[in-house]
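Novice: compute the structure for the input listed below.
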Amino acid sequence: MNKDKIKQNIKNLGPGIITGGAGDDPAGILTYTIVGATTGFSQLWLMLLSTPMMIAVQDTAAKLALITGKSLPEILNTYYSKKITYLIVLSLAIANILTIGADLEAIATIFEIITGIKSIYLLIPITLLIAYLVIFKAYKTVKKVLIILTSLLAVYIISAVLAKPDLKQLLINTFIPHIKPDLAFILAALGLLGTTISPYMIFWQASEEKEEHATVSQAKIMEADTAMGMIYSNIIAYAIIVSSAVMLFGHKEIQTIADAALALKPAAGEYAFLLFSIGVIVSGFLAIPVLAGSTAYAVADTFGWREGMDNKVSDAKGFYLIFLGSLLVGDLINLSGISAVDALYYSQIFDGMLLPILSGLLFILGNNKKILGKYINTKFNNIFLIITFTISFTTTVLMLFNLIQKFFFL
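Specialist: A predicted model of the protein is given here:
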């Protein structure tokens, strides 16, 4: 392969890497922190297993968009009932807006710790900055900014190294499954799956592959981009769980964003706190446009509105209205007094409950020859989509069973 072709292939990378980085948003960071703080190293094996699961889910979604030139809502509207589309998009919007609100508060809280300015006064400026970046800049500029921000999330790998984990315990828990039937473990597992294989990531990457206007001949590049993005995302997530397990497991309960950040100070000093803070701010500015964007794409495509970041506001009013509305409703959630930690953590559990529906749907779509023709799913994708469905469905059932049992017998 000549140098010019290699350079062009590198330029074509983007949606998969951005999507992977966006998966480690403040909601993800807090969820992984809580997983480490409450279960120690015991769910690292699930983090390892979720990597090929994540690749299979995202690759199937991206391939559907690449081959058909349609987003997931457009595909569902074309081949299936619109009622299914409405239900899935509504669930996506609820989870996304909850996460947007919590992510905005997470960024504002970190700035409050650093500057002393109350977080409530920082919400609107942060929201306006994010809105300006997306609404008044071309998509290609936004893409470059997002990729740069994604690379900065590597600070969490440094944080894990500074934590000095026990390597023997690390390896045992990574490669040998440890399962506990109690509610705390199940909730942590469902939250981990929900934030690792998030519904908004599925919809966002499919929409971005469509936005890229890629051709079938670029399928291999898309697959590489997706795999790189998902592996990178899970390395970061793994590092967060490791560092929080070392520093917080058995020592401190996480009740606020400030708890998660400030708990690192006595354990690893100012540098660890600085790394945590940089990670939250960077991941928030990366993920919030993706969250709002995936909502806007999904709603616009459901109702056949013009959409896309390359369009001017006047040409895609509905798309940008949903985008901005998602951000503003997120701000209202913060003003309502709902706990940011609760909104972050339980929105990810809700995402986990949506995962069996979405993975089952992707399995059906990915093996439909009327839609994909000869490009139907590979055995790898099918195997790990089935594993994703089985684990997420079983975990959801166990959680509901435990909650019902706790409600009626306590």
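Novice: quick check: L170 touching F41?
Specialist: Yes - with contact taken as C-beta atoms under 8 Å, L170 and F41 are classed as touching, separated by 6.3 Å. Just so you know, the C-beta spots here come from the backbone N, C-alpha and C atoms, and that holds for glycine as well.
Novice: of the two, who's got more company?
Specialist: Neighbour totals were compared for L170 and F41, and F41 leads with 22 against 17 (other C-beta atoms under 10 Å).
Novice: just the element for that one, please.
Specialist: Using DSSP states H and E, F41 sits within no helix or strand.
Novice: any idea how far F175 is from it?
Specialist: F41 is 11 Å from F175, where distance means C-beta to C-beta, to the nearest Å.
Novice: got it, and A62?
Specialist: A62 sits 29 Å away from F175, going by C-beta to C-beta.
Novice: in what helix or strand does A95 lie?
Specialist: Using DSSP H and E, A95 falls within helix 82-115.
Novice: same for that helix, what does it pack against?
Specialist: With contacts taken as 3 or more C-beta pairs under 8 Å, 6 or more residues apart in numbering; DSSP states H and E, helix 82-115 sits against helix 26-39, helix 72-79, helix 123-135, helix 199-212, helix 257-262, helix 264-303, helix 317-335, helix 340-366.
Novice: how far off centre is it?
Specialist: Centroid separation for helix 82-115 versus its chain: 11 Å, with C-alpha atoms, centre = their mean, to the nearest Å.
Novice: surely F111 meets I120?
Specialist: No - using C-beta under 8 Å, F111 makes no contact with I120, being 11.3 Å away.
Novice: between these two, tell me which one has more neighbours.
Specialist: In this view F111 and I120 are compared by other C-beta under 10 Å, and F111 has more residues nearby, 21 against 13.
Novice: from F41, how far off is K168?
Specialist: K168 is 11 Å from F41, by C-beta to C-beta.
Novice: cool, and S207?
Specialist: Between S207 and F41 the distance is 36 Å, computed by C-beta to C-beta.
Novice: hmm, back to that, what do L170 and F41 both touch?
Specialist: Residues within reach of L170 and of F41 at once, by C-beta atoms under 8 Å, 6 or more residues apart in numbering, are V242.
Novice: what count of nearby residues applies to A154?
Specialist: Residues lying near A154 (other C-beta under 10 Å) number 15.
Novice: per-residue pLDDT, it?
Specialist: Predicted confidence (pLDDT) for A154: 75.
Novice: what does F41 give?
Specialist: According to the model, F41 carries a pLDDT of 93.
Novice: wait, what's in contact with it?
Specialist: Residues in contact with F41, defined by C-beta under 8 Å, 6+ apart, are P165, Q169, L170, N173, T174, I241, V242, A245.
Novice: can you flag the buried ones in those residues?
Specialist: Among those, the ones that count as buried by 16 or more other C-beta atoms under 10 Å are P165, L170, N173, I241, V242, A245.
Novice: how about those residues in JSON lines, adding distance to A343 and secondary structure?
Specialist: As requested, these are exported to JSON lines (distance: C-beta to C-beta, whole Å; DSSP: H, G, I helix; E, B strand; the rest coil):
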{"residue": "P165", "distance to A343": "30", "secondary structure": "coil"}
{"residue": "L170", "distance to A343": "31", "secondary structure": "helix"}
{"residue": "N173", "distance to A343": "29", "secondary structure": "helix"}
{"residue": "I241", "distance to A343": "21", "secondary structure": "helix"}
{"residue": "V242", "distance to A343": "25", "secondary structure": "helix"}
{"residue": "A245", "distance to A343": "23", "secondary structure": "helix"}
